[in-house]
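Visitor: Whatever this is, show me its structure:
(chains A and B)
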Amino acid sequence: MRGQARKESLSDSRDLDGSYDQLTGNPPRPTKKALKQRFLKLLPCCGPQALPSVSENSVEDEFELSTVCHRPEGLEQLQEQTKFTRKELQVLYRGFKNECPSGIVNEENFKQIYSQFFPQGDSSTYATFLFNAFDTNHDGSVSFEDFVAGLSVILRGTIDDRLNWAFNLYDLNKDGCITKEEMLDIMKSIYDMMGKYTYPALREEAPREHVENFFQKMDRNKDGVVTIEEFIESCQKDENIMRSMQLFDDVI
Amino acid sequence: MAAGVAAWLPFARAAAIGWMPVANCPMPLAPADKNKRQDELIILNVSGRRFQTWRTTLERYPDTLLGSTEKEFFFNEDTKEYFFDRDPEVFRCVLNFYRTGKLHYPRYECISAYDDELAFYGILPEIIGDCCYEEYKDRKRENAERLMDDNDSENNQESLPSLSFRQTMWRAFENPHTSTLALVFYYVTGFFIAVSVITNVVETVPCGTVPGNKELPCGERYAVAFFCLDTACVMIFTVEYLLRLFAAPSRYRFIRSVMSIIDVVAIMPYYIGLVMTDNEDVSGAFVTLRVFRVFRIFKFSRHSQGLRILGYTLKSCASELGFLLFSLTMAIIIFATVMFYAEKGSSASKFTSIPASFWYTIVTMTTLGYGDMVPKTIAGKIFGSICSLSGVLVIALPVPVIVSNFSRIYHQNQRADKRRAQKKARLARIRVAKTGSSNAYLHSKRNGLLNEALEMTGSPEDEHMTKTTSLIESQHHHLLHCLEKTTNHEFIDEQMFEQNCMESSMQNYPSTRSPSLSSHQGLTTSCCSRRSKKTTHLPNSNLPATRLRSMQELSTIHIQGSEQPSLTTSRSSLNLKADDGLRPNCKGSQITTAIISIPTPPALTPEGESRPPPCSPGPTTNIPPIGSNIVKVSAL
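Guide: Just a heads-up that it's a prediction; the model follows:
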């Protein structure tokens, strides 16, 4: 009690410089503006033009943002657009709406949800990449349609579709080819998810080596970038990758 | 992993598509959804009020009543619903816990009823959300105190022979109401304290004159009587002090306590007076010592609860009082200076110096106005009046502010202290939850192989091991396993990591790829030997050790590079059978998956937990005897 209260009251000399309102403890409101407007209102010559500037600071704008609510298209349309059955869509939507009652996910929310699956590491970078991959129209939020569209490709698409989607995820700037830097970013984000406590201990060069490995495998013409054709071709030749792609068949 | 996001697990698993193309090793198989049935609505009838929810919602927490098969005991065949004869209000909170993952505590609910309900549904109260946790803890503490009081009053009526004589005495001293003797002692000491104080006071009253025109104080007139009284009081106090000292459970702490110091200070002057002779030099000091006798009045604080509270209040309000004193001092100094310089000119001024003016300022500001010092010059009078006017403000204003401040800060501080104390606990809980979920994964990894081995033997009876993790958990663990495979590193817990760090720093673990396997081997085996001692929670402790060992071996080999298949033969420490050649995964295309057993000819495909082709698929008993022959050939 002693230390903190005293610090507040004695060492706070802000009241002396007028930047601290004694009564409310807040910085003083823009009183000049309010006074001026009140004064203007008194003057008979000033009509209602004075008023609109007041409403600029109104709270309505804030309210608008917080009550934005996005409703997805109807179930039938989604059924047509995606390859999920009706029941699957219902289950997906219930889960989606549970975590995001407003109907859309923004990046922060997305990262926070994804981080709950990886308690040991830092999954925020990978989550950002995922978010950008799901957010196909790049408007900063993932709606249920985006969400379900992405899932439909991954879980119900053909292997080529899935590979395409993965390529899209890796291609950070969406220019049609994966450079070593992009791959390094992705690799680092994956390794970040492991966290600190791993065996064997993570070394600094591990992601880079992994990237070298990857490029060795994928980059056919050794031009330093991997294009979509090279990617799909190399993946189709790799049995492990092919087999792991089939893992997604019965996720839901 | 919070159950609230369990619904997003399919998404998280789908997101793993980003790892697949970059992974160099095959992924583990996904856990099969053995009893895949459509999600259905369950009706829960709680004392007539019907709640409905999805079955999967309840199954998020498989170790509670509603999430496990225990609820089948409450299934009513006729109405096809689960009937619970419990409080529907609390059930609302319980069901919301399943839905949102957060357990709330409603304020209107009685704490013991709530606890009972939680215990019935198998939910630990520790998972109450942060929003309601404070309230819950407060109520719980109050309840505990109430129970303690009840217990105490019960116990008071019984005799407790188990307390030693010393403990009984201490209890008698601290709670005089426990026994009659203690009460008598309490009142006697109180009486003697009063007598002693009154004696000190009356000693100085002049009573009667002696022929010689000198008025004597009573103390000198009836010196003997007063001396006897004093002696008696001091004897009682000394005895009391010694008894308390004897009975105190912690003598050192008792000696340091305030009351004990007061006791000592109260009786010391007498003994010092006895010891000292009537020496002129020290009589002055002796007189001073007698002043300390007045401290006996503080002994009353043992007898008065109010005094104790006041003392504590002053102690805790010290900073505010200090501030008051400080501002007063400031004002006094200012006005004294001003008055001194204002009155400097006048003749025969009493304001001889600034400290001399302090007296005037204090008397004026507190509106006492004795009049022994008054300003004579006009300037002095002006400033004098300003001084008295401001005195009212300076004195009168801070006091209520301080009082209310004190009250507010005191309560705030209590809350802040509570919150600070709980913050640690809160952070600890978050950390525990996090480590809990990662530990769950590590734990299940160790269990996982046992499960698969059991599965391989085809024993249906050992499903109890598999049942301990729900489908959601196993899917989550599969996800983490895929991540491990992608990066070729394993999750371990903190202690292991630190161990490894220490070992590696001791052995100068080469940071770059080292061609020599032996150092790796040495590292891993030394690691493993220690690890195998720790992981003993499975019936067969060999399993996790060897499994981990092989995992490390394999992962280290893999990091070494995939071009050295000859390494397999040199790993004698694994008791590797020559036939079951371990082929580095990257090359082996026939090798299907890690850990999961595939019913293919064992010679070709090393299986997790493999042994010589299953001779007799007896259940668990078959595994232990294999001992050192276990070929931990989990193909990566």
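Visitor: ok, which stretches of the chain are strands?
Guide: If you meant another chain, say so; for now it's chain A. A:104-106, A:141-143, A:177-179, A:198-199, A:225-227 (DSSP state E).
Visitor: I was thinking of chain B, sorry if that wasn't clear
Guide: In chain B, the strands defined using DSSP E lie at B:41-46, B:49-54, B:75-76, B:81-84, B:206-210, B:214-217, B:490-491.
Visitor: Of those, which is nearest chain A?
Guide: strand B:490-491 (4.5 Å; C-beta to the nearest C-beta). The way it works is simple: take the backbone N, C-alpha and C, and place the C-beta from them, glycine included.
Visitor: From the rest of the structure, what touches that closest one?
Guide: Strand B:490-491 is contacted from outside by A:120, A:194-195, A:197-199, B:438, B:441-442, B:445, B:480, B:484, B:551-552, B:555, using C-beta atoms under 8 Å, 6 or more residues apart in numbering or on different chains.
Visitor: List just the nearest of the residues you listed to A:Arg86.
Guide: Nearest to A:Arg86 out of the contacts of strand B:490-491 is B:Leu480 (C-beta to C-beta; 31.5 Å).
Visitor: Tally up the residues packed near that closest one, please.
Guide: The number of residues packed near B:Leu480 is 26, by other C-beta atoms under 10 Å in any protein chain shown.
Visitor: hmm, back to that, from the contacts of strand B:490-491, which has minimum pLDDT?
Guide: Minimum pLDDT across these is recorded for B:Ser555, with 38.
Visitor: mind giving me JSON lines with the strands of chain A and columns for distance to chain B and mean neighbour count?
Guide: Formatted as JSON lines, the strands of chain A follow (distance: least, C-beta to the nearest C-beta, whole Å; neighbours: other C-beta atoms under 10 Å in any protein chain shown):
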{"stretch": "strand A:104-106", "distance to chain B": "10", "mean neighbour count": "19"}
{"stretch": "strand A:141-143", "distance to chain B": "10", "mean neighbour count": "23"}
{"stretch": "strand A:177-179", "distance to chain B": "10", "mean neighbour count": "20"}
{"stretch": "strand A:198-199", "distance to chain B": "4", "mean neighbour count": "22"}
{"stretch": "strand A:225-227", "distance to chain B": "10", "mean neighbour count": "21"}
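Visitor: Among those strands, which one carries the weakest average confidence?
Guide: Set side by side, these give their lowest mean pLDDT on strand A:198-199, at a mean of 82.
Visitor: partner strands of that one, parallel or antiparallel?
Guide: Sheet pairing for strand A:198-199, assigned by DSSP bridges, gives strand B:490-491 (antiparallel).
Visitor: Quick one: mean pLDDT over the partner strand.
Guide: The model assigns strand B:490-491 a mean pLDDT of 82.
Visitor: B:Glu498 and A:Tyr197, how far apart?
Guide: Distance of B:Glu498 to A:Tyr197, computed by C-beta to C-beta, to the nearest Å: 9 Å.
Visitor: out of those two, which sits in the busier spot?
Guide: Neighbour comparison, B:Glu498 and A:Tyr197: the larger count goes to A:Tyr197, with 23 against 12 (by other C-beta under 10 Å).
Visitor: My read is that the more buried one contacts A:Gly121, right?
Guide: No - counting by C-beta atoms under 8 Å, A:Gly121 is not a contact partner of A:Tyr197; they are 9.2 Å apart.
Visitor: what domains does the record give for the chain?
Guide: Assuming you mean chain A. Domain segmentation of chain A under the TED database yields A:74-157, A:159-251.
Visitor: That was the other one, I meant chain B.
Guide: Using the TED database, chain B is parsed into the domains B:41-154, B:175-303, B:312-425.
Visitor: From the centroid of chain A, which residue is nearest?
Guide: A:Glu107 (2.0 Å; C-alpha atoms, centre = their mean).
Visitor: pretty sure that one is touching A:Gly140, no?
Guide: Yes - using C-beta under 8 Å, A:Glu107 is in contact with A:Gly140, at 7.0 Å.
Visitor: count of residues packed around residue 218?
Guide: Looking at chain A here, since you left the chain open. Residues contacting A:Met218 under the criterion other C-beta under 10 Å number 22.
Visitor: nope, chain B
Guide: By the measure other C-beta under 10 Å, the count of residues near B:Cys218 is 18.
Visitor: Who are the contact partners of it?
Guide: Residues near B:Cys218 by C-beta under 8 Å, 6+ apart: B:Val202, B:Glu203, B:Thr204, B:Val205, B:Pro206, B:Cys207, B:Phe226.
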